[in-house]
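Undergrad: okay, here's the prediction I keep looking at, along with the sequence it came from:
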Amino acid sequence: MRNKILILSLVGVLAGCGGGSDNAADETTQAAKEKLVALEASGAIPKLDRSNTLAGTDANSNGIRDDVETLIAHNYTSSAQRTAAMQTAKALQSALTVDASDVSAVKMVDRKISRGINCIYSKFDASHDQNPAQVAKELEAITTNTKQRLLTYLRFNKALDGTSSALPEGDSCD
């Protein structure tokens, strides 16, 4: 799963790059997109929403992109693990839509992300091939799977520069 997400992230960012009038760059971008489609069709990587919107599709309005929700349901069979992953995915998704100029709102989202990641650490066992740190990284990668989403997430993190935060205490699972 870790390799799939890494490949997915890199190919997604490459597919989002490009533009301009350079034919070689356009051909490279087109080739990357074709490889991405082929990998998705083969099932080697999950099919993720690569639309030009930050929020993507969320038909049930639960704050988590539908493709991310499907991936979580498919990859995590334990109910407690699914719930922890969903909590973190929702917090990460909110980082893409928060007003980065509102430091208070940014810090609130950061606290939600910290709570979600702390919850993941309490529900995933590193000794059973589901390292909590890797789960958190994978959720971050699939949430920021387009150039626009990644740049927005980087702006969110930049808005946290100069701020401090504390690790959540106790049970941080919602």
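TA: Okay, I see it.

Undergrad: can you give the domain ranges for this structure?
TA: The chain breaks down into these structural domains: 1-47, 56-174 (assignment by automatic domain parsing).

Undergrad: tell me the most buried of the ones you listed?
TA: The highest mean neighbour count among the domains of the chain, using mean count of other Cβ atoms under 10 Å, belongs to domain 56-174: a mean of 17. The way it works is simple: take the backbone N, C-alpha and C, and place the C-beta from them, glycine included.

Undergrad: so for the strand or helix carrying residue 108, mean pLDDT?
TA: In this assignment (DSSP states H and E), residue 108 forms part of helix 103-123. The pLDDT scores in helix 103-123 average 95.

Undergrad: what of stretch 91-98?
TA: If you average the pLDDT values across stretch 91-98, you get 96.

Undergrad: what's the answer for stretch 137-144, then?
TA: Looking at stretch 137-144 alone, the average pLDDT works out to 94.

Undergrad: also stretch 64-80?
TA: Computed over stretch 64-80, the average pLDDT equals 91.

Undergrad: for residue 134, see how far away the residue of the chain most remote from its centre is.
TA: In the chain, counting by Cα atoms, centre = their mean, residue 23 sits farthest out from the average C-alpha position, at 31.3 Å. Here the distance between residue 23 and residue 134 works out to 39 Å (Cβ to Cβ, to the nearest Å).

Undergrad: got the phi and psi for the spatially most central residue of the chain?
TA: The C-alpha lying nearest the average C-alpha coordinate of the chain belongs to residue 143 (Cα atoms, centre = their mean; 2.1 Å). In terms of degrees, to the nearest 10, the main-chain angles of residue 143 are phi -70, psi -40.

Undergrad: then the one 3 residues further on?
TA: Geometry field for residue 146 lists phi and psi as phi -130, psi 160, criterion degrees, to the nearest 10.

Undergrad: isn't it right up against residue 53?
TA: No. Between residue 146 and residue 53 there is no contact under Cβ atoms under 8 Å: 9.1 Å.

Undergrad: which helices and strands sit right next to the helix or strand residue 93 falls within?
TA: Counting by DSSP H and E, the element that carries residue 93 is helix 79-97. On a contact count with 3 or more Cβ pairs under 8 Å, 6 or more residues apart in numbering; DSSP states H and E, helix 79-97 meets helix 66-75, helix 103-123, helix 132-143, helix 147-159.

Undergrad: right, I'll call it a day here.
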